[in-house]
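Trainee: Have a look; sequence and predicted model below, questions after that.
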Amino acid sequence: MNQQNTKKKYTFCRICEALCGLEITTTGNKIISIHPDRVHLATKGFICPKGLKQHHIYESPDRLKYPMKREGTEWKKISWKQALEEIGSKTKSIRREFHPNAVAMYVGTAAGFSVLHPVFAQGFMTGIGSTNMFSSSTQDCSNKFAVANLMYGFPFTQPFPDLPNIKCLIIVGGNPLISKWSFLQVPNPMEKLRNIVSRGGKIYHVDPRKTETAKIAGEHLFIRPGTDLFFYLSFLHEVIRQNGVKHAYVEKFMIGFEAVSKMASAWPAEKTAAVTGIEAGTLKQMVSDYLAADGAALYCSTGVNMGRHGTLAFWIQECINAVTGNLDRVGGTLVSKGIIDFPKFGKKNGLLTRTLRSRVGNCPSVNDAFPGGILADEILTPGKEKIRALFISGGNPLITMPDSNHLRDAFGQLDLLVVLDILPTETASMAHYALPCTTPLERPDLPFIFPLMLGLQIQPYLQATRAIIVPTEAQRDEASIYTDLCKYSGVNMFGSWFAQHLLALFSKKRLFDGQSHPEIPQEGILNILLRICNQPGFSRLLRYPHGLLRPSHQTNFLTHRMVTPDKKVHLAPEILMEESKSLDQKFHEEIAHNGHFKLITKRAVKTHNSWTHNYAPFVKEPDHTNYLYMTSADAIELKLADGDFVDVTSETATVRLPMQICDDLGPKTVALPHGWGHQYSGLNVAKKTMGVNVNILAPSGTDRIDPLSGMALLTGIMVTITKAKGRQNTESWSGI
Ligand SMILES: Nc1nc2c(c(=O)[nH]1)N[C@H]1C(S)=C(S)[C@@H](COP(=O)(O)OP(=O)(O)OC[C@H]3O[C@@H](n4cnc5c(=O)[nH]c(N)nc54)[C@H](O)[C@@H]3O)O[C@H]1N2
Ligand SMILES: Nc1nc2c(c(=O)[nH]1)N[C@H]1C(S)=C(S)[C@@H](COP(=O)(O)OP(=O)(O)OC[C@H]3O[C@@H](n4cnc5c(=O)[nH]c(N)nc54)[C@H](O)[C@@H]3O)O[C@H]1N2
Ligand code: SF4
Ligand SMILES: [Mo]
């Protein structure tokens with residue numbers, strides 16, 4: 001190794017919300033190794049296997065290196081000029097001939113981990129004049145955004161538990177040991193949870209599975225999947241019964257308490273136990289512990305979000321944290337400020353607060369995105385605004401969205417499908433064009449929007465990174481690609497001639513196949529963003545490679561930062577109250593579901609949604625497939641033994657896969673990890689894995705999504721399970 005050329009560089013991981021500091025050794029333009037940054041001010045040497053090995057995923061020979069065009073089943077390498085001209089002219093004609101909304105976009109999670117990618121993707125759509133935006137958030141968390149908009153006046157106002165000071169934490173449907181937490185940057189989550197216990201605090205986990213996290217810190221309560229709403233209703237009922245409401249504080253900062261209190265009065269713990277499976281006495285004790293603690297919080301995550309009634313459930317959770325005086329207090333939940341007062345800025349500029357209605361089903365948008373669960377129908381339903389062109393940016397919807405078979409059929413009808421990715425995924429395999437993007441380690445960045453604009457961090461800090469290596473072939477950053485796509489589609493970035501021309505003026509030129517294309521000044525734009533927000537500039541931040549601490553959180557949200565017109569927390573927004581009129585009906589539906597199997601989700605450390613399966617050491621047998629997990633009692637009842645093949649059938653499809661006994665699950669609860677089913681991709685390692693795509697079992701359509709937030713139902717799916725007639729059948733085994 002040429003020692004002179006070997007350098008240590010500091011950056012941060014952009015795969016999940018922990019944003020771990022990384023120390024990367026490079027030789028020339030090659031990454032030799034990745035280690036944790038042990039002196040990082042916030043992440044302090046924490047890391048996981050995905051972070052350590054990510055360069056191997058990026059260096060795969062399968063990596064998208066050039067613009068690719070599909071002709072039948074053959075892929076052809078083409079020049080950027082040809083790709084842009086053909087995509088641009090098709091987009092232009094679809095837009096002109098039909099409607100701007102005939103051009104749509106799906107933005108996935110990977111886009112969210114870059115500051116510029118989602119901004120420029122939106123800029124392209126604004127230029128097109130299309131409001132047909134879809135994103136991974138309706139598979140993930142849009143219930144939280146919808147509720148925050150109604151209660152706090154802005155979707156991104158997301159209170160989070162003050163982990164360093166909390167005395168009682170109740171985690172509902174989250175598994176931070178594996179996921180590293182969501183809607184909050186918590187490096188080393190287990191250390192934070194153990195600290196709560198060691199200083200005498202209490203932790204409860206309410207989950208259909210005794211999770212890896214629950215085994216290490218706190219007490220665990222089984223809940224029947226999809227019944228969280230009734231757990232929360234009884235929790236609120238019990239808070240009121242135990243005189244836990246801080247009336248003076250409620251009077252001062254909130255409106256609508258009477259209405260929610262009246263609603264909760266109908267849901268004593270004795271009643272809801274019939275659907276949640278949580279005994280009344282146990283719930284009452286939990287409420288007593290919560291009320292007795294000097295600082296407590298209920299926190300929920302995707303187990304609630306993706307389940308039935310995730311919007312109502314999160315609403316009641318927020319009401320409980322608020323009326324007990326735990327909102328905006330040390331040791332309770334905090335509402336942080338990022339590098340600007342984003343809610344105030346957003347409100348003033350009308351950002352993200354509007355509600356659009358979809359053409360199909362009149363479904364509401366949340367954060368300007370429509371429900372993923374209606375995307376297929378928007379493509380298949382005739383009309384001028386029928387989606388004919390779809391751009392997919394940093395996502396893999398054929399694996400991650402509900403009802404994948406239906407979506408696959410719909411994608412087959414598109415006149416133009418363009419995928420911007422780093423890998424030839426199964427979604428890319430259906431595309432007309434796949435455009436090669438840079439990886440996180442090939443672009444400069446700041447921490448993404450949650451920490452940057454909202455300060456959703458346990459330890460507030462700021463960090464900037466340059467690209468660690470440069471792309472070796474024709475990969476480009478998404479902001480430059482979208483700027484070019486605007487030009488070739490005959491529109492301007494953000495619909496602004498000035499913006500488009502300014503970008504062209506300040507772009508460097510890069511040559512691809514003898515043609516010059518703009519490379520927008522990413523560091524310069526990030527610098528402008530920082531400076532507008534009165535922060536140290538990009539170059540200055542580079543002098544702090546291990547992060548620069550920002551002021552700590554303040555508890556002045558209720559007194560100084562409310563953006564609702566009356567500056568109060570709205571505990572009983574009209575549309576939530578309206579939906580709550582069907583609580584009885586929802587309860588009886590759940591009663592009818594008793595005794596039936598429900599399917600839940602399950603994440604693993606080495607798999608990140610659908611895209612870390614192409615690295616051989618992560619998918620070595622027995623991790624070469626997903627399994628259906630089931631308790632031994634349920635297995636005995638079905639006459640199944642560990643390793644047997646089972647057929648799992650929902651209202652939409654059947655998958656066949658091996659089962660494993662897992663006595664960490666509640667009764668009649670089975671778990672099946674998502675992100676698998678790669679057999680049709682161009683990923684040469686992943687396509688040899690055996691897993692199935694669980695989302696072919698998840699329903700889609702306007703009557704199958706959460707009506708208030710568009711959330712897809714991805715957990716708590718009703719299924720039947722039978723012993724498979726044969727062993728594996730390549731068709732169903734391979735998922736979609
Ligand atoms: N059944 C079930 N379904 C689920 C879930 C579940 O728990 N159970 N989880 C849901 C959740 S929480 C989410 S967020 C969604 C995720 O849904 P998606 O965002 O659609 O899926 P990912 O697998 O995260 O896809 C990320 C894609 O981005 C690519 N990529 C990585 N880095 C970059 C980059 O820098 N630039 C570009 N252009 N591409 C990049 C990857 O190769 C990959 O194809 O899935 C949801 N689906
Ligand atoms: N290793 C790894 N880390 C990840 C990801 C990954 O795929 N792999 N994905 C990232 C993404 S995109 C996100 S959004 C976050 C998500 O982070 P988390 O929300 O913490 O995700 P999970 O680990 O799936 O935890 C969800 C929990 O909900 C439980 N659950 C399922 N159904 C129900 C229900 O009906 N009610 C209740 N109360 N609980 C239920 C499950 O058993 C599980 O323990 O993780 C991120 N981090
Ligand atoms: S926990 Fe792993 S994937 Fe998440 S940021 Fe840290 S190293 Fe990256
Ligand atoms: Mo997610």
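Mentor: That came through fine. Ligands and ions are numbered 1, 2, ... in the order given.
Trainee: Okay, and the residue in the stretch 251-400 of the chain positioned nearest to ligand 2 sits in which element?
Mentor: The stretch 251-400 of the chain approaches ligand 2 most closely through Gly303 (2.1 Å), counting by C-beta to the nearest ligand atom. Quick note: C-beta positions are derived from backbone N, CA and C, even for glycine. For Gly303, the host element (DSSP states H and E) is helix 302-305.
Trainee: Which strands or helices does that helix pack on?
Mentor: helix 142-152, helix 310-323 (3 or more C-beta pairs under 8 Å, 6 or more residues apart in numbering; DSSP states H and E).
Trainee: okay if I get these as CSV plus distance to ligand 1?
Mentor: Formatted as CSV, those follow (distance: least, C-beta to the nearest ligand atom, whole Å):
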stretch, distance to ligand 1
helix 142-152, 11
helix 310-323, 12
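Trainee: quick one: the residue of the stretch 251-400 of the chain closest to ligand 2 and Thr601 touch, right?
Mentor: Yes - counting by C-beta atoms under 8 Å, Thr601 is a contact partner of Gly303 at 7.3 Å.
Trainee: okay, and the common contacts of the two?
Mentor: With contacts defined as C-beta atoms under 8 Å, 6 or more residues apart in numbering, the residues shared by Gly303 and Thr601 are Thr715.
Trainee: can you tell which of the helices and strands packed on helix 302-305 is closest to Ser60?
Mentor: Closest of these to Ser60 is helix 142-152, at 31.9 Å (criterion: C-beta to C-beta).
Trainee: before we move on, back to that, Gly303 and Thr601 - which one has more neighbours?
Mentor: Taking other C-beta atoms under 10 Å, Gly303 and Thr601 do not tie; Gly303 has more neighbours (27 against 23).
Trainee: quick one, what contacts the more buried one?
Mentor: Shown in contact with Gly303 (C-beta under 8 Å, 6+ apart): 172-175, 207-208, 228, 600-601, 715.
Trainee: closest to Asp484 among the residues you listed?
Mentor: Set against Asp484, the nearest of those by C-beta to C-beta is Thr601 (37.7 Å).
Trainee: The closest one against Gly307, yeah?
Mentor: No - at 9.5 Å, Thr601 and Gly307 do not qualify as touching, with contact defined as C-beta under 8 Å.
Trainee: What residues does the stretch 1-150 of the chain have near ligand 3?
Mentor: Residues of the stretch 1-150 of the chain lying near ligand 3 by C-beta under 6 Å from any ligand atom: 13, 15-16, 18-20, 47-48, 50-51.
Trainee: again with the stretch 351-500 of the chain
Mentor: Near ligand 3, when you scan the stretch 351-500 of the chain using C-beta under 6 Å from any ligand atom, you find nothing.
Trainee: what separates the closest residue to ligand 3 within the stretch 351-500 of the chain from Asn556, distance-wise?
Mentor: Relative to ligand 3, the nearest point of the stretch 351-500 of the chain is Pro440 (9.4 Å; C-beta to the nearest ligand atom). Using C-beta to C-beta, to the nearest Å, Pro440 is found at 34 Å from Asn556.
Trainee: More neighbours: these two, which one.
Mentor: Neighbour count, other C-beta under 10 Å: between Pro440 and Asn556, Pro440 has more, with 20 against 11.
Trainee: Got the confidence number for that one?
Mentor: Looking at Pro440, its pLDDT stands at 98.
Trainee: Strands of the stretch 201-350 of the chain, residue ranges please.
Mentor: 202-206, 219-221, 254-255, 296-300, 333-334 (DSSP state E, counting those that start in this stretch).
Trainee: what packs against the last one?
Mentor: With contacts defined as 3+ C-beta pairs under 8 Å, 6+ apart, strand 333-334 has these neighbours: strand 160-161.
Trainee: Run me through the strand neighbours of the strand it packs on, direction for each.
Mentor: Here strand 160-161 has these sheet partners by DSSP bridges: strand 333-334 (antiparallel).
Trainee: Other residues contacting the strand it pairs with?
Mentor: So strand 333-334 is in contact with 159-162, 297, 299, 321, 326-328, 553, 555, 557, going by C-beta under 8 Å, 6+ apart.
Trainee: For that strand, what does the pLDDT average out to?
Mentor: Mean predicted confidence for strand 333-334 is 98.
Trainee: dump the residue contacts of the residue nearest to the spatial centre of the chain.
Mentor: For the chain, the residue nearest the mean C-alpha position is Asp140 (4.5 Å; C-alpha atoms, centre = their mean). Residues near Asp140 by C-beta under 8 Å, 6+ apart: 109, 302, 305-306.
Trainee: do that again at 6 Å, thanks
Mentor: Residues near Asp140 by C-beta atoms under 6 Å, 6 or more residues apart in numbering: none.
Trainee: Between the two ends of stretch 706-721, what distance do you get?
Mentor: 26 Å (C-alpha to C-alpha, to the nearest Å).
Trainee: ok, the nearest residue to Thr109 once chain neighbours are set aside - how many residues close by?
Mentor: Closest residue to Thr109 apart from its sequence neighbours, by C-beta to C-beta, 6 or more residues apart in numbering: Ser136 at 4.8 Å. Per other C-beta under 10 Å, the neighbour tally for Ser136 reads 24.
Trainee: ok, now Glu574?
Mentor: 11.
Trainee: any idea how far it is from ligand 2?
Mentor: Note on Glu574: its distance to ligand 2, by C-beta to the nearest ligand atom, to the nearest Å, is 27 Å.
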